[in-house]
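1. got a predicted model here, sequence first, then my questions.
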Amino acid sequence: MISRRRALALAATAPLLTRCVFNRSAVRVGSKNFTESFVIAEIYAQSLEAAGMPVERLFNLGSTQIAMAAMRRGNIDLYPEYTGTALIDVLHLPPIANSRVAFEVVARAFRQRYDIIWLNPSPMNDSQALATTRAVASRYGVATLSDCARLAPRLRLATIQEFLARPDGLPGLKRFYGGFQFREIRTYDIALKYRALLQSAAEVSSAFSTDGAIATYDLFVLRDDRHFWSAYNVAPVVRARALAARPKIADVLNAVSPRITDRAAQMMNAKVEHDQADPADVAAAFLRQR
Amino acid sequence: MNPASITFEGVTVRYPGVQRNAVTDISLEVGGGELVVLLGPSGCGKSTLLRTVNRLVALQDGRVLVDATDVAQLDAVELRRSVGYVIQAVGLFANMSVAQNIGVVPSLLRWSRGEIDARVDELLRLVGLDPAAYRNRRPSALSGGEAQRIGVARAIAARPRALLMDEPFGAVDVVVRTALQRELIRIVGELRTTTIFVTHDVDEAFRLADRIVVMREGRIEQAGAPFDVFQAPATPYVRQLVHAGDDVYRRYYMRTRELLRTT
Amino acid sequence: MNYLASHSWRVAALAAGHIELVAVALVVALAVAIPLGVLAARRPRIAPWLLGTLGAIYTIPSLALLAVFVEAFGLGFAPIFVALVVYAQFMLARSVAAGIASIDRAQVDAARGLGMSPAQVLYRVEFPQALPVVIGGIRVAAIAMIAIATLGGYVGGVGLGVLIFNGLTLHQNAMIVAGSIAASGLAIAVDGLLRLTERLFAN
């Protein structure tokens, strides 16, 4: 009776032990808590798996703060980050519109300060934007951010809380362009924001330039004519130690990053948000294309 | 087999949190295959005294010797394996068969499988039960009398040289009790095991005892052969307890005692 | 339902991870709870304090406790595993204590008197008879753990909770429903299995 129980306990804890051993060698890929982060993290994860590495997914971590905390404590090895986000939210530096310069600044700072390496960025630039329906754009004659700054007192803004708080959100726009005194500002859940536009409860919405809704609803993105907004190119950020242990990570991810363009991102986001596709499936389909 | 001797020297026991002693300054010698009965009302300390022998109860003062060795010097667990113990509720282990119950102490002592099996059959026959019929039965399928017989078998399985019995026949009906008493006299006589038997039943004491020890409120009122106690009670309490001087009782005790000792 | 059909491999893999998490946590939880339960049974005076403390821990909202463990152990398997072990203590220790206490004292007295060491009394007499009650406690604990383990999806990608929390973030009801159905199905299956085991051991 005793030895039988002991054998059972051993058999049951064997998976735990193998898991501990297995975990040591898996590459831990994280993601933040929005669609695009899931999709790109899946692209990274599946690319690494295709190259023969064991991958553990720790997605849906939350905000940038949480993801960075996880990186610095060694809970994850890499995740997709945006140059603009790193610049403004992590390093607390002013925005840089030039993609290449932004990348060099964050890459150097992260290596020095956090021992984190930026691999090659993608062409995709998920910067912030203001969007309208084509109907609103033609009715009010608004095509650029300067137009919007001037015409704001006649327009209602639908946005998310973060946009009102972050320095490169509305506060920054006001300071840089002047104006932007909207007639009404309402905050929404990130998923419901566009509905306000479509139902004519608002004229302008804050947006990200790779939002799926832009493709799905054929929305119009206002041009940043004075180049206020930062570049927001996505790239894998990897813990230096993890990269040193597995240098092949750089080769694999650098090979796939050039393929992630604005258009590709919008389409993938649209499939997940609008068609309710699983990010893993969307990423797989993307990788299968040539 | 060499029967054990048990000696109580000035034994005093007090349970924690209780004012009065359970047992006070008891000195008594039991030896050589005797069957000694501790007789008295509930609360007189007889069970307590019994349980000092196998160290289920701790002493306040005095000592208990088994074969001239102070039990406090011995390892308690080993001591208990060499002294048989039977209780009124029997306490057969519900998760074991009859055979496994009887074989408990031998298995604790690491007897071989074959030795244990043989001994179990031998003991079942000794207590008057058919081995084939009872070996694999579960305790829940036994009558009170059967259970108590098996309790006795379990207690003597490892051939202990002393046997402690705490009102073992109190829970069975009169007919069964008489049969069990007869069996006990036979077994103890055959095996010559020194036995201490606790009861509050005067009849039972007179039937079984080589010596009776009358106890009250933690002390010994009188110790002696049954008829000595009957003829010459030491205190008014003893006199009233055993109906000393009453001829009807005298003849009754003599008769039942005789009957139990004949086949 | 559709998601379950079209992504059956994914759901199965996550379900396997869920089972693994709960099974391992259950084994470790038992290893901790059995001594605690025995202690509670042996010392009736400590028992209310011991079981009361475990009960109080059980009422702490799981997410709060989980946050503490993420601080201590990081993300992934570890924090949810520790949380499950801690939460299970109340139900398991209590059933061990109840099982042992339900055995009639005469058997324990006889066992000691015949010369079993305290450990032998436990292994040979008390545990075998406490088993049906303990398995009942395991059943209740396992069901609760399957539910709590869904939080593993929140702190690092373990188990069916991944479907639920990803579904919440991505606003995909199909995922949420699939994860919930799978978790419930798992709970029902485990409940049935353990009831059968309970019945087997009661005989």
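-> Received, thanks. Quick caveat: nothing in here was measured; it's all calculated off a predicted structure.
2. what does chain B have sitting close to chain C?
-> B:54, B:56, B:77-82, B:85, B:87, B:89-95, B:104-105, B:108, B:151, B:154-155, B:164 (Cβ under 8 Å from any Cβ of the partner chain). Quick note: C-beta positions are derived from backbone N, CA and C, even for glycine.
3. apply 7 Å and report the result again.
-> Residues of chain B lying near chain C by Cβ under 7 Å from any Cβ of the partner chain: B:54, B:56, B:77, B:80-81, B:85, B:87, B:89-91, B:93-95, B:104-105, B:108.
4. among those, who's most crowded?
-> B:Tyr85 (29 neighbours; other Cβ atoms under 10 Å in any protein chain shown).
5. and for the residue in the stretch 101-250 of chain B that chain A sits nearest to, the neighbour number?
-> For the stretch 101-250 of chain B, the residue closest to chain A is B:Ser107, as judged by Cβ to the nearest Cβ, at 12.8 Å. B:Ser107 has 15 neighbouring residues, counting by other Cβ under 10 Å.
6. and it, that's in a strand?
-> No: assessed with DSSP: H, G, I helix; E, B strand; the rest coil, B:Ser107 is helix; it does not lie in a strand.
7. which ones are touching it?
-> If you count contacts by Cβ atoms under 7 Å, 6 or more residues apart in numbering or on different chains, B:Ser107 has them with B:Ile116.
8. least confident secondary structure element in chain C?
-> Least confident helix or strand, chain C: helix C:2-6 with a mean of 81, by mean pLDDT, DSSP states H and E.
9. in it, which residues are buried?
-> For helix C:2-6, the neighbour count (16 or more other Cβ atoms under 10 Å in any protein chain shown) marks C:3-4 as buried.
10. what does it contact?
-> Applying Cβ under 7 Å, 6+ apart, the contact partners of helix C:2-6 are C:11, C:174-175, C:178, C:181-182.
11. neighbours around the nearest residue to B:Arg81 once chain neighbours are set aside, how many?
-> Once flanking residues are discounted, B:Arg81 sits nearest to C:Gly115: 3.3 Å by Cβ to Cβ, 6 or more residues apart in numbering or on different chains. Number of residues near C:Gly115 (other Cβ under 10 Å) recorded here: 25.
12. what about chain C, any weak spots by pLDDT?
-> The model of chain C has pLDDT under 70 over residues C:1, C:203.
13. quick one: the helices in chain C?
-> Shown for chain C, the helices assigned by DSSP state H span residues C:2-6, C:8-42, C:47-59, C:62-73, C:77-101, C:105-114, C:118-120, C:127-148, C:161-170, C:173-202.
14. now check the shortest one, is it near chain A?
-> No: for a cut-off given as Cβ under 7 Å from any Cβ, helix C:118-120 has no contacts with chain A; the smallest distance is 9.9 Å.
15. now do the fourth one
-> No: contact between helix C:62-73 and chain A is absent, the nearest approach being 8.5 Å (criterion: Cβ under 7 Å from any Cβ).
16. which of the residues in that helix are buried?
-> Burial within helix C:62-73, assessed by neighbour count using 16+ other Cβ under 10 Å, is assigned to C:62, C:65-66, C:69-70, C:73.
17. tell me which two in these are the farthest apart.
-> Spatial extent of the buried residues of helix C:62-73 (Cβ to Cβ) is set by the pair C:Ser62 and C:Phe73 at 15.3 Å.
18. middle-most residue in the chain, spatially?
-> Assuming you mean chain A. In chain A, the residue lying closest to the centroid (Cα atoms, centre = their mean) is A:Ser37, at 4.4 Å.
19. chain B is the one I meant
-> Short answer for chain B (Cα atoms, centre = their mean): B:Met165, at 2.3 Å.
20. what pairs with that residue across the strands?
-> Note on B:Met165: beta-bridge partners by DSSP bridges are B:Val86, B:Phe197.
21. wait, what's in contact with it?
-> B:86, B:195, B:197-198 are the contacts of B:Met165 under Cβ under 7 Å, 6+ apart.
22. what does the pLDDT read for it?
-> For B:Met165, the model assigns a pLDDT of 95.
23. what distance do you get for it to B:Val71?
-> 18 Å (Cβ to Cβ, to the nearest Å).
24. if I pick residue 223, what's in contact with it?
-> Assuming you mean chain A. A:Arg223 neighbours (Cβ under 7 Å, 6+ apart): A:143-145.
25. meant chain B, my bad for not saying
-> The contact partners of B:Ala223, taken as Cβ under 7 Å, 6+ apart, are B:28, B:211, B:213.
26. repeat the analysis, applying 8 Å as the threshold.
-> B:Ala223 sits next to B:28, B:211-214 when contact means Cβ atoms under 8 Å, 6 or more residues apart in numbering or on different chains.
27. do the same with B:Gly144
-> Listed by Cβ under 8 Å, 6+ apart, the contact set of B:Gly144 reads B:171-173, B:176.
28. give me the buried entries from these.
-> Going by neighbour count (16+ other Cβ under 10 Å), the contacts of B:Gly144 have B:171-172, B:176 buried.
29. any chance of these in CSV, plus secondary structure, pLDDT and distance to A:Tyr217?
-> Converted to CSV, the buried ones among the contacts of B:Gly144 look like this (DSSP: H, G, I helix; E, B strand; the rest coil; pLDDT from 0 to 100; distance: Cβ to Cβ, whole Å):
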residue, secondary structure, pLDDT, distance to A:Tyr217
B:Ala171, coil, 84, 87
B:Val172, coil, 86, 90
B:Val176, helix, 86, 93
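30. how near is the residue nearest to the centre of chain B to C:Asp104?
-> Counting by Cβ to Cβ - B:Met165 and C:Asp104 are separated by 19 Å.
31. can you check A:Thr132 too?
-> Counting by Cβ to Cβ, the separation of A:Thr132 from C:Asp104 is 81 Å.
32. the more surrounded of the two?
-> Set A:Thr132 next to C:Asp104 and count neighbours by other Cβ under 10 Å: A:Thr132 wins out with 24 against 12.
33. for that one, what are its contacts?
-> Contacts of A:Thr132 by Cβ under 8 Å, 6+ apart are A:142, A:197, A:203-205, A:219-220, A:222.
34. now these as JSON lines including secondary structure?
-> Formatted as JSON lines, the contacts of A:Thr132 follow (three-state DSSP):
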{"residue": "A:Val142", "secondary structure": "coil"}
{"residue": "A:Leu197", "secondary structure": "helix"}
{"residue": "A:Glu203", "secondary structure": "coil"}
{"residue": "A:Val204", "secondary structure": "strand"}
{"residue": "A:Ser205", "secondary structure": "strand"}
{"residue": "A:Leu219", "secondary structure": "coil"}
{"residue": "A:Phe220", "secondary structure": "strand"}
{"residue": "A:Leu222", "secondary structure": "coil"}
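35. now the residues you listed in JSON lines, with distance to C:Val32, neighbour count and pLDDT?
-> Listed next are the contacts of A:Thr132 as JSON lines, based on distance: Cβ to Cβ, whole Å; neighbours: other Cβ atoms under 10 Å in any protein chain shown; pLDDT from 0 to 100:
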{"residue": "A:Val142", "distance to C:Val32": "65", "neighbour count": "24", "pLDDT": "92"}
{"residue": "A:Leu197", "distance to C:Val32": "55", "neighbour count": "22", "pLDDT": "89"}
{"residue": "A:Glu203", "distance to C:Val32": "61", "neighbour count": "26", "pLDDT": "92"}
{"residue": "A:Val204", "distance to C:Val32": "58", "neighbour count": "27", "pLDDT": "94"}
{"residue": "A:Ser205", "distance to C:Val32": "53", "neighbour count": "26", "pLDDT": "93"}
{"residue": "A:Leu219", "distance to C:Val32": "57", "neighbour count": "21", "pLDDT": "89"}
{"residue": "A:Phe220", "distance to C:Val32": "61", "neighbour count": "17", "pLDDT": "88"}
{"residue": "A:Leu222", "distance to C:Val32": "60", "neighbour count": "20", "pLDDT": "91"}
